[in-house]
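*Asks:* Provided below for reference: sequence and predicted model.
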Protein chains: 2
Amino acid sequence: MATLKQVAAHAEVSVQTVSNALNAPHRLRPDTLQRVTKSIELLNYRPNRNARSLRTSAVELIGYCVPSWPHGQAHLVMDQFLHSLCGAAEATARHILLFTAPVGLKGMPVYEDLHARRLVDGFVLSQTETHDPRHGWLREQQIPFVSFGRVWGETTQPGPFVDVDGAVGCATAVRHLHETGRRRIGFLSWPKTSGLAEDRLSGWRKACEELDLPTKNLAVRCTEDTIEEGARATAELLDSGQGVDGIVAISDILALGALRELGARGLTAGVDVGVTGFDDSPLASVVSPGLTSIRQPMDQIAGELIAILTDKHSSSAVSDESTQQPRSTERLLQPELVIRGSSAPG
Amino acid sequence: MATLKQVAAHAEVSVQTVSNALNAPHRLRPDTLQRVTKSIELLNYRPNRNARSLRTSAVELIGYCVPSWPHGQAHLVMDQFLHSLCGAAEATARHILLFTAPVGLKGMPVYEDLHARRLVDGFVLSQTETHDPRHGWLREQQIPFVSFGRVWGETTQPGPFVDVDGAVGCATAVRHLHETGRRRIGFLSWPKTSGLAEDRLSGWRKACEELDLPTKNLAVRCTEDTIEEGARATAELLDSGQGVDGIVAISDILALGALRELGARGLTAGVDVGVTGFDDSPLASVVSPGLTSIRQPMDQIAGELIAILTDKHSSSAVSDESTQQPRSTERLLQPELVIRGSSAPG
């Protein structure tokens, strides 16, 4: 049986192009695709998992652990992320192997086992924690990995990562509210123990300071990510006598609480008070007025994750990728503000 | 190098037990696990993906297509389902390979390719449609598959499935509201084009009739699954002069709309009007009062999906499974009503 390299030589294209013809044909020009397909047929090349993984050392299956959340919580943009991650992997002829593992040290045997059995060739990590045991172990074993999200509370990041700049996102929300005439903009946050929350809070504070807007007593911490807590914190802001006319919430759920409290007081979001959320979850468009929200660019995040993960291998895997530029393994992406009626009435 | 069968013979256990020792050790008795582990060490057995898939024909990787939804919609219990599905697959030493594919005929090449390249050994389908092209093709190719969810509008189901009895769920919600003293129970539905909606509606209607409760003009169709539409439909029910004191909503989102409309009128959910949702999504516990909702038993669903899928193979795969009972390939599971304040105040 012909090898991938023989097909590539016959069609006068790179190995990667043959791989694309098999797995992501839409990425090729029609004439190239036709040439490769013809060579595949003529040489009777039949790719399969076993032959493939013996033939090249390219990453084939990428492990991703389904995050587990406390009861009642959820990753509301989980399916968007998985869709983007699969799509990005598939565009490079790879696939995602999904698995479950306990958080922390208890989960390490699962990672070890997946690697020992050669089921996966690399990992995309999420739900990373301070002093997460996975990073050190994966580095030691020289297993390719990349994290979605930074680790907080350490001076340097323990490995390659892709993250969204939440601080910039919140600053953008503040500037948007300022442009629509808001001058006293509160912030609904989570407990201080969350590094993520402190980062987003800093973005709100910085933007307010740059615009000469007050910040004192305008950040309220919610003990839980619930509509109830968002409503309570909003009531606290509105009752503080500071004339709050804008609210940047650290999550869509808390923002929904703000909308509820405004409604209960006969106030109209987007008219009396401008409100923004975070994540552009499905909730943002099922409320009325629609919720202005900070969107994480999922396709871009997934593309960068896969690019960093597979670059690790490029020197040993496919020889004709020498034209690629070296890629930074720390990528902080810009979120996008999706504007709806809660901040800018149509 | 030793084979799986040699290890099994040495340890005097079945091949499946050796597989469990490697992949789901918690399923074995400690003394069995110790014996198998010792044999593995003595014979220097090293499992890996390639060796394994050549050695047995058992399903190893199960393909699951990430559902894609229209913009702004989402599967709010997606991560619960995936967690359960991975867990169930892992308990049988299998894993989930995630992929993306267009809906309908356009997606078929993706299924064909995954199969041709032997990347997966079977499929769990979701988002099945009337005259879904996948069923016929998979059956023809003798590729194991099972659907999560029935197909509507066909006289017989086109293949094995696991589903939740939504009609029973809605009937249970009606009986619960009746037990808490409600006598005029409305139903918030989706458009008539949804077979799923008609099924759930029939459960509401049947339970009302059995309890001698009225149904005329008490079912309202929402054009979209939004909070806004749920609120509008609730207003329609409340304004109809029928003294509505209970509302069964076909989704948590529509139920949230009902809660909003009640709040806007100064009515208290659970006191003035009992409200229930469907799916027990994360939204059900972030509102106050908490939303009573019909929960799909995800672990059980996933367990049945994997059991049906892997039973298909049992005759050809591992010889020592003859003690297993034949399993029905059509499983309709009972949902559970999770009661919170929206129907039964503290």
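*Replies:* Structure's in. What do you need?

*Asks:* Apart from its neighbours in sequence, what residue is nearest residue A:35?
*Replies:* residue A:11 (5.0 Å; C-beta to C-beta, 6 or more residues apart in numbering or on different chains). Where you see a C-beta, it was placed from the backbone N, CA and C, and this is true even at glycine.

*Asks:* likewise residue A:337?
*Replies:* residue A:172 (5.0 Å).

*Asks:* tell me the contacts of the one you found?
*Replies:* Residue A:172 is in contact with A:207, A:294, A:335, A:337, counting by C-beta atoms under 8 Å, 6 or more residues apart in numbering or on different chains.

*Asks:* Please identify which helix or strand holds it.
*Replies:* helix A:166-179 (DSSP states H and E).

*Asks:* quick one: low-confidence ranges for chain A?
*Replies:* A:1, A:23-24, A:26, A:46-59, A:70-74, A:312-327, A:346 (pLDDT under 70).

*Asks:* distance from the centroid: which residue in it tops it?
*Replies:* residue A:42 (42.5 Å; C-alpha atoms, centre = their mean).

*Asks:* Skipping its backbone neighbours, what lies nearest that residue in space?
*Replies:* residue A:10 (7.0 Å).

*Asks:* so the one you found is in which element?
*Replies:* helix A:4-11.

*Asks:* now swap in residue A:80 and tell me
*Replies:* Using DSSP H and E, the element containing residue A:80 is helix A:78-90.

*Asks:* So which elements touch that helix?
*Replies:* strand A:61-65, strand A:95-99, helix A:298-314, helix B:78-90, strand B:95-99 (3 or more C-beta pairs under 8 Å, 6 or more residues apart in numbering or on different chains; DSSP states H and E).

*Asks:* Between strand A:61-65 and that helix, find me the angle.
*Replies:* Here the directions of helix A:78-90 and strand A:61-65 differ by 160 degrees (axes from the mean of the first three to the mean of the last three C-alpha atoms, to 10 degrees).

*Asks:* Contacts for helix A:78-90 next, please.
*Replies:* A:23-24, A:62, A:64, A:67, A:75, A:95-96, A:124, A:148, A:298-299, A:301-303, A:305-306, B:66-69, B:74-75, B:78-79, B:82, B:98-100.

*Asks:* do that again at 6 Å, thanks
*Replies:* A:62, A:95-96, A:298-299, A:302-303, A:306, B:66, B:74-75, B:78-79, B:98-100 (C-beta atoms under 6 Å, 6 or more residues apart in numbering or on different chains).

*Asks:* Weed out the non-buried ones from the residues you listed.
*Replies:* Judged by neighbour count, with 16 or more other C-beta atoms under 10 Å in any protein chain shown as the criterion, the buried members of those are A:62, A:95-96, A:298, A:302-303, A:306, B:66, B:74-75, B:78-79, B:98-100.

*Asks:* Contact distance from chain B - what residues of the stretch 101-250 of chain A qualify?
*Replies:* A:117-119, A:226-228 (C-beta under 6 Å from any C-beta of the partner chain).

*Asks:* Tabulate the residues you listed (CSV), appending neighbour count and secondary structure.
*Replies:* Shown next, in CSV, are those (neighbours: other C-beta atoms under 10 Å in any protein chain shown; DSSP: H, G, I helix; E, B strand; the rest coil):
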residue, neighbour count, secondary structure
A:117, 17, coil
A:118, 17, coil
A:119, 21, coil
A:226, 23, coil
A:227, 26, helix
A:228, 20, helix
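
*Asks:* Mind telling me what element residue A:248 is part of?
*Replies:* Per DSSP H and E: strand A:246-249 holds residue A:248.

*Asks:* Who are the packing partners of that strand?
*Replies:* In this structure, strand A:246-249 makes packing contacts with helix A:166-179, strand A:185-189, helix A:252-264, strand A:274-278, judged by 3 or more C-beta pairs under 6 Å, 6 or more residues apart in numbering or on different chains; DSSP states H and E.

*Asks:* most packed of the ones you listed?
*Replies:* strand A:274-278 (a mean of 30; mean count of other C-beta atoms under 10 Å in any protein chain shown).

*Asks:* contacts for that strand?
*Replies:* So strand A:274-278 is contacted by A:173, A:177, A:180, A:182, A:246-252, A:255, A:258, A:269, A:291-294, A:342-343 (C-beta under 6 Å, 6+ apart).

*Asks:* same deal with stretch A:176-184?
*Replies:* A:185, A:211, A:242-246, A:274, A:337, A:344.

*Asks:* now, which of the residues you listed sits nearest chain B?
*Replies:* residue A:337 (16.5 Å; C-beta to the nearest C-beta).

*Asks:* which residues sit against the host helix or strand of that closest one?
*Replies:* Residue A:337 is part of strand A:336-338, with elements assigned from DSSP H and E. Residues from elsewhere that reach strand A:336-338 (C-beta under 6 Å, 6+ apart): A:172, A:176, A:280, A:293-295.

*Asks:* Swap in 10 Å and give it another go.
*Replies:* A:164, A:169-170, A:172-173, A:175-176, A:276-277, A:280, A:284-285, A:290-297, A:300, A:343 (C-beta atoms under 10 Å, 6 or more residues apart in numbering or on different chains).

*Asks:* Report the contact partners of residue A:295.
*Replies:* A:77, A:80, A:164, A:169, A:277-281, A:284, A:335-338 are the contacts of residue A:295 under C-beta under 10 Å, 6+ apart.

*Asks:* Spatially, which residue comes closest to residue A:111, not counting chain neighbours?
*Replies:* Residue A:111's closest residue in space is residue A:134 (C-beta to C-beta, 6+ apart), at 6.3 Å.

*Asks:* Could you measure from the one you found over to residue A:104?
*Replies:* 9 Å (C-beta to C-beta, to the nearest Å).

*Asks:* When these two are compared, which one has more neighbours?
*Replies:* Comparing residue A:134 with residue A:104 by other C-beta atoms under 10 Å in any protein chain shown, the one with more neighbours is residue A:134, at 23 against 12.

*Asks:* Might one say that that one is in contact with residue A:107?
*Replies:* Yes: taking contacts as C-beta atoms under 10 Å, residue A:134 lies within contact range of residue A:107: 7.7 Å.

*Asks:* for the contacts of stretch A:176-184, which one is nearest residue B:16?
*Replies:* residue A:337 (53.8 Å; C-beta to C-beta).

*Asks:* So what's the residue count around the closest one?
*Replies:* Residue A:337: 17 neighbours (other C-beta under 10 Å).

*Asks:* which residues does it bridge with?
*Replies:* For residue A:337, the beta-bridge partners are residue A:294 (DSSP bridges).

*Asks:* May I see the buried residues of stretch A:113-127?
*Replies:* A:113-115, A:117-126.

*Asks:* Nearest to chain B among those?
*Replies:* Nearest member of those to chain B, counting by C-beta to the nearest C-beta, is residue A:118, at 4.5 Å.

*Asks:* Strands of the stretch 1-150 of chain A, start to end?
*Replies:* A:61-65, A:95-99, A:122-125, A:145-148 (DSSP state E, counting those that start in this stretch).

*Asks:* Hmm, residue A:40 is touching residue A:10, no?
*Replies:* Yes: shown here, residue A:40 and residue A:10 form a contact pair, counting by C-beta under 10 Å, at 8.9 Å.

*Asks:* That concludes my questions; thank you for your assistance.
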